[in-house]
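Student: Quick one: sequence and predicted model below, then my questions.
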Amino acid sequence: MASKDEQAGALLAQQHQLEASEQRMAELDAALSALHQHQAQNDAALDNMLEDMQSILDSCGIAFDEEIAISCEVSRYCEVTQEEITLGIGALSPLASLDFNEQMSWQAYIASVEHYAEQQGIDLSSDPYRRLMTLSQRVALEKRIAEEFSLKGAQCDKYDYLIAGTAGVIGGLIDLAFGGVPKESQLTRGADKLAEKAVENFARFNGWEGGRGNQTSSAISFLEGKFSVNYDQATSFGPNGTAGAVKHMSTKNHHLKSLAHSPCLVGLFFSIINQFTQSASFVSEGKLVTISAEAELQGHNFIAKIFCGVANWFGHLMSDVSGSSGIDRNRPNYGRGSGIPIPFYNLLQFMEVGEFGQHRQSFAVVCTKVFEQGYDLRHGLGLCVPVLVTELITRLGWTVKQRCYHQKPWSECVPLASNPELRRMLLVAHGSMCLIDGGEAALRSGGDMVQFLLRTNLVGWSRFGHLALNEMYAWYNAGHIDAEAVDAYLEGEYRALLAC
């Protein structure tokens, strides 16, 4: 018997013992019932005999006196010959049992189970779990699995689609009114201010005490000195360049071409690698390029160096998120500077495919030009606003409908994305928003790929793509087991056991 089935085999043997015990108890009940019935018949016959004897004595005028002594001769004369009566109740054989004691090991116990199963004709090679449950239990289990732990298709009505479509249109209109290219977007200007405040607060947290001139520039200068890195080359040639190893790199795009400047796991990975190996990793013409760059990590052991490397990576990102310290922020309408890219946007540099525009530029070059015109993390934060509005309106509408229209309790009105109907509504809502955004970008770009991407809400399209993949997965696997739901249920049961 396989190790993974040992527990089930033991349960199957115990179930067989329980069933045999119940059968034996039924046999004992039948035997006792037969004895009770025979005893009742004897009692009735004896009562009839006593009544007949009393009737005979009364008819003969004989009064029986219990105090009168009866002679031995009369007693022998009145003796009745006793006959042995045998009931038709068979003898019960002893129940088979497992060889078990408290000192035996698990392996010895499993060996005893296998021996018992062999003697009783129990097949442990087939699926034991089907025989451990009754038919009604299996039906109830299959019903619960289908209702709670299976991927289901959405059953949306017209009101669900109406709510989702309205939310998407509202989000799209917000994107049209306040979005646009980075230099014109009101949302981006608000994000720029928030980023500058975040940089100042982070610098103050690390010991910055303010400075002369513009406070944001002073904070950036402080962070650049405190969190300097070895992969901050800014040009293809020059004192702080790559000696021509990275093509077409300038101060406007070096944060994009440097993989360690990405504010995501990709950037963290390359930052740690570059700091430990004294190198710098870039993307040039669709290829990964690594150059030597001296670095000195703080920390007395490996764990400390990892911690210092992560802190150095994050601190340097904060120094770059609002552009350079050399920007004259006291001047009206000052430039935004080169920030850091949106998470994973650096990976688009590997897509050296296609030919766009009159210069037949690849998609990677187009993405570089889009970044150079301000499509950075700050612009991405501004683009999150219409996406969040669309998301919140859709979830709120679904919650209100479940509570007020379907009259469900509040516990069933939590807007979790695992709900099939809400998942479909979110797809429709974000799809509607992206349709408006894409149509506006196509009309106003005039066929220019750079202008099209500058006016496109990549955050919204990323969210829509994620929802589309989830919906396709749910549609393809409808009726199959939802592993995440099973894991969540088991995790809850495990925590409940630990709490006991």
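Tutor: Looks like it came in fine. The shown structure was predicted, so the numbers you read here are calculated from the model rather than taken from an experiment.
Student: is it fair to say residue 126 lies in a strand?
Tutor: No. Checked against DSSP: H, G, I helix; E, B strand; the rest coil, residue 126 lies outside a strand; its state is coil.
Student: For the stretch 101-250 of the chain, which segments count as helices?
Tutor: Along the stretch 101-250 of the chain, the stretches classed as helices by DSSP state H, counting those that start in this stretch are 106-120, 128-132, 135-148, 158-178, 186-205, 215-226.
Student: what's the least confident stretch among these?
Tutor: The weakest mean pLDDT among the helices of the stretch 101-250 of the chain belongs to helix 128-132, with a mean of 72.
Student: From the chain's centroid, how far away is that one?
Tutor: Computed by CA atoms, centre = their mean, to the nearest Å, the chain-centroid distance of helix 128-132 equals 29 Å.
Student: now swap in stretch 139-156 and tell me
Tutor: 17 Å.
Student: Buried ones in it, by neighbour count?
Tutor: For stretch 139-156, burial by neighbour count (16 or more other CB atoms under 10 Å) applies to 149-152, 154, 156. For every residue, glycine as well, the C-beta is placed using N, CA and C.
Student: before we move on, the earlier item: could I get the helices of the stretch 101-250 of the chain as a markdown table with distance to residue 496?
Tutor: A markdown table is the format used below for the helices of the stretch 101-250 of the chain (distance: least, CB to CB, whole Å):
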| stretch | distance to residue 496 |
| --- | --- |
| helix 106-120 | 26 |
| helix 128-132 | 23 |
| helix 135-148 | 16 |
| helix 158-178 | 34 |
| helix 186-205 | 40 |
| helix 215-226 | 47 |
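Student: Compare those and report which one is nearest to residue 335.
Tutor: Ranking these by proximity to residue 335 (CB to CB) places helix 186-205 first, at 10.8 Å.
Student: now for the closest one, which elements pack on it?
Tutor: Secondary-structure packing of helix 186-205 (3 or more CB pairs under 8 Å, 6 or more residues apart in numbering; DSSP states H and E): helix 215-226, helix 302-320, helix 377-400.
Student: how about these, which one is nearest residue 121?
Tutor: In terms of CB to CB, the element of the helices and strands packed on helix 186-205 nearest to residue 121 is helix 377-400, at 56.4 Å.
Student: Convert the C-alpha atoms of the closest one to CSV, please.
Tutor: Coordinates of each C-alpha in helix 377-400 appear next as CSV, following Å, rounded to 0.1, in the frame of the first residue of the first chain:
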residue,chain,number,x,y,z
LEU,A,377,5.9,56.5,-13.1
ARG,A,378,4.3,59.9,-12.1
HIS,A,379,2.2,59.9,-15.3
GLY,A,380,1.3,56.3,-14.6
LEU,A,381,0.1,57.3,-11.1
GLY,A,382,-2.1,60.0,-12.7
LEU,A,383,-3.5,57.4,-15.1
CYS,A,384,-4.6,55.2,-12.2
VAL,A,385,-7.3,57.7,-11.2
PRO,A,386,-9.9,56.8,-14.0
VAL,A,387,-9.0,53.2,-13.6
LEU,A,388,-9.7,53.3,-9.8
VAL,A,389,-12.9,55.2,-10.4
THR,A,390,-14.1,52.6,-12.9
GLU,A,391,-13.2,49.8,-10.5
LEU,A,392,-14.9,51.4,-7.4
ILE,A,393,-18.1,52.3,-9.2
THR,A,394,-18.4,48.8,-10.6
ARG,A,395,-17.8,47.1,-7.2
LEU,A,396,-20.1,49.6,-5.4
GLY,A,397,-22.9,49.0,-8.0
TRP,A,398,-22.6,45.3,-7.7
THR,A,399,-22.8,45.5,-3.9
VAL,A,400,-25.9,47.7,-3.9
